[in-house]
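Undergrad: Here is a sequence with its predicted model. Questions after.
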Amino acid sequence: MDDRWYHSRRQFLRAMAASGALAASDLAWWEAPLLSPRRAWGAAPVRFQFSVPEPKRTALVESLAQRFNQSQKDFEVKVEFVPQAQARQKLIAALASGNPPDCCQVWDNWVGEFEGMGVVEDLTARVKDWKHYGDTLPIAWQTVTVKGRILSFPWVVTNDAVYWRVDRAREYGVKPPKDDWTWDDFLALTRAFTKPENNQYGFGMRGQGTWAVLYATEFMYANGAQVLKDGKVAINSREAVEALDWYLALIRKHKVVPPSVPTDGWRQIVEGFGRGITNTYIHNSGSCEEQKGFVGPQNFATVPLPVGPAKKRASFYFSETLTAFKNAKNREGAWRFMTWLMDDEPNFMYSRTLGLLPARKSIADRPEFAKDPNLAGFVSSFPFSIVSPYLAYAGWGGKLDSEGVPLFQQAMVGRLAAKDCLDRFAEVLAKNMA
């Protein structure tokens, strides 16, 4: 890696600071690893795969890797960036060929699937001796525990809430949502926010990726539905069908969503809100910092998901994990890097830069998280946040993407009724409970 890389990285970081994509006051931290590049010719390489390579995250992860490399002489992390849509399949192929990365960033709903393949490193004994074990939220450990074994570090945790445009509500005279709002309030807000003649829509619904299923399921829980009941798949219950019918009516009947919904993934819903095409969307806190740059912190807020007819609601907890593999070539280097990323400064900077919630209690209690008004919807959702029910079985991890999402997309475009969609989805889950 020659000096031209360091110069181009510094230019890129300065451009990001000038545009507001990162705080100008933080520029020195981001640039620090580049000022005295380390050349550790004898260090053992550590391959780290990262699967959300958008510019800000890429710059952040590269800065963190450089800081780790400068902190010791034994190991040198080399980051392999893979598009999120390809990451799971690329990992499966690498694992099958016996050439996995030493460690990687993956979503916790993948961990059970990889455990079922017998390829994940069991970290239980080492983690329980780790210095920050007791400082990590118990629910975060739940997201990465399979069959009583801890298989990953919960790097950061997320739950879901609703983003809404404060400035548009003021412009249109719309009543702002409150923490105890209902489905009726949600529909009224999204209808008031919909101005097709201005290419503006009330709700940025997601139709692509795992979370297309998860967001719909959260509405089902608000109507009293469950994924599992008495050990059996119950996602096609009457309560679930009624809730999905209501959710799909946002597209078919009320038309408060953009026409692109069936193929909109996380980038589309985040950027659609940032460009002013949509005025609400559901997501975790990971896009909070982006929206501060897109629309300004004063122009948006977050609020919990609305209360459903069953007087209930649920926000699903997930963790972004650091996972290592049995057949990795540098397992000790992977452990050193993963534990370093969980230390105070690296964990704080990763969480704060991306607007994510730290898995470590002492960091989550800092005012940058606990008192940030743009994070209020997520903090208010803690009392009814639960570990995703789709983590119950290892075999469900990949099936949500490969079979669940296409079923929900067909329902969104009117090719499947809500009941047919959920009946078929229930069959997929039931077949993969082993």
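TA: Looks like it came in fine.

Undergrad: Need the phi and psi values for L64.
TA: With angles defined as degrees, to the nearest 10, L64 sits at phi -60, psi -40.

Undergrad: Please disregard the earlier target; I meant V146.
TA: phi -130, psi 120.

Undergrad: what ranges do the helices span in the stretch 251-400 of the chain?
TA: 266-274, 288-294, 331-341, 344-354, 361-364, 367-370, 376-380, 396-399 (DSSP state H, counting those that start in this stretch).

Undergrad: counting contacts, what elements does the last one pack onto?
TA: Helix 396-399 is packed against helix 108-116, helix 418-431, with contacts defined by 3 or more C-beta pairs under 8 Å, 6 or more residues apart in numbering; DSSP states H and E. C-betas here are computed from N, CA, C, even on glycine.

Undergrad: Just give me how far that helix sits from the chain centre.
TA: Here helix 396-399 shows a centroid-to-chain-centroid distance of 16 Å under the convention C-alpha atoms, centre = their mean, to the nearest Å.

Undergrad: As a markdown table, the helices and strands packed on helix 396-399 with distance to S287 and mean neighbour count would be great.
TA: Supplementary listing: those in a markdown table, determined by distance: least, C-beta to C-beta, whole Å; neighbours: other C-beta atoms under 10 Å:
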| stretch | distance to S287 | mean neighbour count |
| --- | --- | --- |
| helix 108-116 | 19 | 23 |
| helix 418-431 | 27 | 19 |
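
Undergrad: In a markdown table: the ones you listed, plus distance to A240 and mean pLDDT.
TA: A markdown table is the format used below for the helices and strands packed on helix 396-399 (distance: least, C-beta to C-beta, whole Å; pLDDT from 0 to 100):
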| stretch | distance to A240 | mean pLDDT |
| --- | --- | --- |
| helix 108-116 | 19 | 86 |
| helix 418-431 | 6 | 98 |
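
Undergrad: Tell me which of the helices of the stretch 251-400 of the chain sits nearest to T182.
TA: Among those, helix 376-380 comes nearest to T182, with 15.4 Å by C-beta to C-beta.

Undergrad: which helices and strands does the closest one pack with?
TA: strand 161-165, strand 300-303.

Undergrad: Of those, which is nearest F325?
TA: Using C-beta to C-beta, the helices and strands packed on helix 376-380 put strand 161-165 closest to F325, at 33.3 Å.

Undergrad: May I ask you to confirm that P33 is in contact with V61?
TA: No: using C-beta atoms under 8 Å, P33 makes no contact with V61, being 11.8 Å away.

Undergrad: Find the residues that touch each one of those two.
TA: Common contact partners of P33 and V61 (C-beta atoms under 8 Å, 6 or more residues apart in numbering): none.

Undergrad: okay, and for the protein, where does confidence drop off?
TA: 1-7, 9, 12, 15-25, 35-41 (pLDDT under 70).

Undergrad: max-length strand in it?
TA: Longest strand of the chain, by residue count under DSSP state E: strand 315-324.

Undergrad: and A212, what helix or strand is that in?
TA: helix 210-222 (DSSP states H and E).

Undergrad: which other helices and strands contact that helix?
TA: Using 3+ C-beta pairs under 8 Å, 6+ apart: helix 210-222 touches helix 238-252, strand 315-324, helix 405-412.

Undergrad: got the ones you listed as CSV, with mean neighbour count and distance to F219 columns?
TA: Conversion of the helices and strands packed on helix 210-222 to CSV gives the following (neighbours: other C-beta atoms under 10 Å; distance: least, C-beta to C-beta, whole Å):
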stretch, mean neighbour count, distance to F219
helix 238-252, 20, 5
strand 315-324, 26, 11
helix 405-412, 21, 12
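
Undergrad: Could you dump the ones you listed into CSV with distance to E427 added?
TA: Shown next, in CSV, are those (distance: least, C-beta to C-beta, whole Å):
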stretch, distance to E427
helix 238-252, 14
strand 315-324, 22
helix 405-412, 10
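
Undergrad: quick one, which of the ones you listed is nearest to N347?
TA: Here strand 315-324 is closest among those (C-beta to C-beta), at 10.6 Å.

Undergrad: tell me how far that closest one is from the chain's mean position?
TA: Worked out by C-alpha atoms, centre = their mean, strand 315-324 lies 8 Å from the chain centre.

Undergrad: what helices or strands is that strand leaning on?
TA: Strand 315-324 packs on strand 103-107, helix 108-116, helix 138-143, strand 152-158, helix 210-222, helix 331-341, strand 385-387, going by 3+ C-beta pairs under 8 Å, 6+ apart.

Undergrad: and the first one, which strands flank it?
TA: In this case it means strand 103-107. Sheet pairing of strand 103-107 (DSSP bridges) gives strand 44-50 (parallel), strand 315-324 (antiparallel).

Undergrad: right, so of the ones you listed, which gets closest to N330?
TA: Closest among the strands paired with strand 103-107, using C-beta to C-beta: strand 44-50, at 5.2 Å.

Undergrad: Can you say which of the helices and strands packed on helix 396-399 is nearest to V387?
TA: Going by C-beta to C-beta, the one of the helices and strands packed on helix 396-399 nearest V387 is helix 108-116, 8.7 Å.

Undergrad: Give me the angle between the closest one and helix 210-222.
TA: Counting by axes from the mean of the first three to the mean of the last three C-alpha atoms, to 10 degrees, helix 108-116 lies at 110 degrees to helix 210-222.

Undergrad: Make 4 the starting number, not 1.
TA: In the new count, where the first residue is 4, that last one comes out as helix 111-119.

Undergrad: contacting residues around the helix or strand following helix 111-119?
TA: Next helix or strand after helix 111-119 toward the C-terminus (DSSP H and E): helix 127-131. The contact list for helix 127-131 (C-beta under 8 Å, 6+ apart) reads Y136, R152, I153, F156, W338.

Undergrad: The second one: neighbour count?
TA: Meaning R152. 14 (other C-beta atoms under 10 Å).

Undergrad: is it in a bridge, and if so with what?
TA: V149.

Undergrad: For the strands paired with strand 106-110, could you give me CSV that also reports distance to T146?
TA: CSV is the format used below for these (distance: least, C-beta to C-beta, whole Å):
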stretch, distance to T146
strand 47-53, 19
strand 318-327, 4
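
Undergrad: got the domain boundaries for this protein?
TA: Under the assignment automatic domain parsing, the domains of the chain span 6-162+321-378, 164-320+392-434.
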